[in-house]
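[1] need the 3D shape of this:
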Amino acid sequence: MDGSRAQNAESKPFSVAFAEGESSNTAADKQENQSDVNLKTSDGVVFEVKASIAKQMQTVQSFIDTSGDSTTVIPLPNVTSRDLCRILKYCEEHRRIGHDKEALKEFDDNFMKALSHDEMKELLFAANYLNVKEFFDFVCRGIAQMLQNKSVEFARDFFGIVSDFTLEEEVSYREANAWAFENIDDNFPSMAVEDLWKELAEVERKLAEAESKPLSVALAEEQLNSLTLSEGESSNTAAVDEQENQPDVNLKTSDGVAFEVKAWIAKKMETVQSFIDTSGDSSAVIPLPNVTSRDLRRILNYCEEHRRIGFHDKKALKEFDDNFMKALSPDEMKEILLAANYLNMKEFLDFLCCGIAEMLQNKSVEFARDFFGIVSDYTPEEEAAYREANAWAFENIDDNSS
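    Down below sits the predicted model:
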């Protein structure tokens, strides 16, 4: 909360503040009298959820608003019963505890402590899918706090990040910036420089061994890989051809535009496919509350062009992909990334992530912060000191991105 808002709240008469709180609770009480909402998780468990809690799940509420039917069972293909139980418990306990900040903090701390690292990530994805903003922010803060003083290796493993540094680069950066690897949590140690040198020597040994492999063996392996790829492509083509004969799937975007989408494309959207599998009705209009018509058009265009060009013309595919990304503004990139994540389209999501990573190369810290909506937690003095001590990291910056 900023200073002016805090000051206004403190200067407000207690009776007014209390009345506002009571008014807020009255709205929740009204929702208590509404009928429960039926939700079905990805593992097939059906929950009867209070309307006041379902209202906090924007994905669920958008489904109800679009369909006009709050009695139908709403599928949640990206949420397990375990995660939904935890989200419901969080909402119910926060309502029960109310304004007791100490009790809320104790509950929140215990809630996060009870989660393993994998459970944190799983719960974060569930909250993102359901679009429960307050709970999503809470989990993000908990993960950020958990990552304090953890090693680079731990953070990479947690987020599934594969380092794009060569071993030589990693050794060089660690030696030049030893201060950044101090005070690491001993339970999650950072790899020592000497260990990196050993790993580098082992990689060089394996490369030398590979280079000494007879040409006939290397050629046979290459042909086998090529044959396996061809069989996979043949299988994929047959599956797509079979889906061509299936009826189109009706999708409705957040801005109310209806699309008839080919079955083979809808199959790539795991969120849509899970809805069809759960409801057993492929003719129903499926609402997409987190996807705009503009983003859906672009996604459909990507799928259709990749199919038209085919697997083998890599040059044409690369040209199309490059032009696709170049046509997007930074805001459009973020918007379509969230749409792809909501639809759970792995191939397209990976493509966008690679494109965004490439776009961010040689961009300034300010550009990256603005792109991801990050507020710096450094003081101006700290930032100036870090920039001075690590001037190499700010070289060759794109002049247009500062």
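
[2] can you pull out the low-pLDDT segments for the stretch 151-300 of the chain?
    180-245, 279 (pLDDT under 70).

[3] just the strands in it please.
    With strands called from DSSP state E, counting those that start in this stretch, the stretch 151-300 of the chain shows them at 249-253, 258-261, 286-288.

[4] any idea which of these is most buried?
    strand 286-288 (a mean of 24; mean count of other CB atoms under 10 Å). For every residue, glycine as well, the C-beta is placed using N, CA and C.

[5] thinking again about what came up before, so which of the strands of the stretch 151-300 of the chain is nearest Lys121?
    Each of the strands of the stretch 151-300 of the chain has some distance to Lys121 by CB to CB; the shortest is strand 286-288, at 24.1 Å.

[6] quick check: closest non-adjacent residue to Ala266.
    Once flanking residues are discounted, Ala266 sits nearest to Val249: 3.9 Å by CB to CB, 6 or more residues apart in numbering.

[7] so what pairs up with that neighbour in the strands?
    In this entry, Val249 is beta-bridged to Val261, by DSSP bridges.

[8] nearest to Cys85, out of the strands of the stretch 151-300 of the chain?
    Nearest to Cys85, of these and by CB to CB, is strand 286-288 at 24.8 Å.

[9] ranges for the strands of the stretch 301-402 of the chain?
    Using DSSP E, counting those that start in this stretch, strands in the stretch 301-402 of the chain do not occur.

[10] that older thread, separation between the residue nearest to Ala266 and Thr379?
    53 Å (CB to CB, to the nearest Å).

[11] in the stretch 1-150 of the chain, which spans are helices?
    3-11, 14-32, 51-54, 58-67, 81-97, 101-113, 117-130, 133-146 (DSSP state H, counting those that start in this stretch).

[12] other residues contacting the third one?
    In this case it means helix 51-54. 28, 31-32, 34-37, 39, 60-61, 64, 70, 88, 91-92, 95 (CB atoms under 8 Å, 6 or more residues apart in numbering).

[13] wait, which of the strands of the stretch 151-300 of the chain is closest to Tyr129?
    It's strand 286-288; of the strands of the stretch 151-300 of the chain, that one is closest to Tyr129 (CB to CB) at 12.3 Å.

[14] what about stretch 380-392, average pLDDT?
    Here stretch 380-392 scores 82 as its mean pLDDT.

[15] hey, C-alpha coordinates of it in CSV?
    Coordinates of the C-alpha atoms in stretch 380-392 are reproduced here as CSV (Å, rounded to 0.1, in the frame of the first residue of the first chain):
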residue,chain,number,x,y,z
PRO,A,380,19.5,4.1,-6.5
GLU,A,381,22.8,3.8,-4.5
GLU,A,382,22.8,0.0,-4.6
GLU,A,383,22.0,0.0,-8.3
ALA,A,384,24.8,2.4,-9.1
ALA,A,385,27.2,0.3,-7.1
TYR,A,386,26.2,-2.9,-8.9
ARG,A,387,26.5,-1.3,-12.3
GLU,A,388,29.9,0.1,-11.5
ALA,A,389,31.2,-3.2,-10.2
ASN,A,390,29.7,-5.2,-13.1
ALA,A,391,30.1,-2.8,-16.0
TRP,A,392,30.7,-5.7,-18.4
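
[16] in it, what's buried?
    For stretch 380-392, the neighbour count (16 or more other CB atoms under 10 Å) marks Tyr386 as buried.

[17] domain-wise, how is the protein divided?
    Following automatic domain parsing, one gets these domains for the chain: 36-146, 152-211, 252-361, 366-401.

[18] ranking the helices of the stretch 1-150 of the chain by burial, who's on top?
    Once neighbours are counted as mean count of other CB under 10 Å, the most buried of the helices of the stretch 1-150 of the chain proves to be helix 51-54, having a mean of 21.

[19] so for that one, mean pLDDT?
    Helix 51-54 comes out at a mean pLDDT of 91.

[20] which residues touch Gln58?
    Leu130, Asn131, Val132, Lys133, Pro289.

[21] where does the fourth one land on pLDDT?
    Read that as Lys133. 87.

[22] and the closest residue to it other than its chain neighbours, what's its pLDDT?
    In space, and not counting its chain neighbours, Lys133 is closest to Gln58: 7.5 Å by CB to CB, 6+ apart. Model confidence at Gln58, given as pLDDT, is 87.

[23] how about Ala103?
    Turning to Ala103, the model gives it a pLDDT of 93.

[24] roughly how far does Arg141 sit from Asp108?
    9 Å.

[25] please disregard the earlier target; I meant Ile53.
    17 Å.

[26] next one: Asn323
    From Asn323 to Asp108 the distance is 47 Å (CB to CB).

[27] now Glu92, nearest residue through space, not along the chain?
    Ile53 (7.1 Å).

[28] state the distance from Val261 to Asn323.
    Taking CB to CB, one finds Val261 at 23 Å from Asn323.

[29] same check on Val46?
    Val46 is 46 Å from Asn323, by CB to CB.

[30] what of Phe348?
    Distance, Phe348 to Asn323, using CB to CB: 16 Å.

[31] kindly report the same for Ala51.
    47 Å.

[32] can you report how many residues lie near Ala155?
    12 (other CB atoms under 10 Å).

[33] enumerate every residue touching the closest residue to it other than its chain neighbours.
    Leaving aside its chain neighbours, Ala155 sits nearest to Leu147 (6.0 Å; criterion: CB to CB, 6+ apart). Leu147 is in contact with Phe154, Ala155, Phe158, counting by CB under 8 Å, 6+ apart.

[34] again, but for Leu328
    Ile336.

[35] dihedrals phi and psi, it?
    When read as degrees, to the nearest 10, the backbone of Leu328 gives phi -100, psi 140.

[36] from Arg294, how far off is it?
    11 Å.

[37] likewise for Leu84?
    Leu84 sits 31 Å away from Arg294, taking CB to CB as the criterion.

[38] all set now, cheers.
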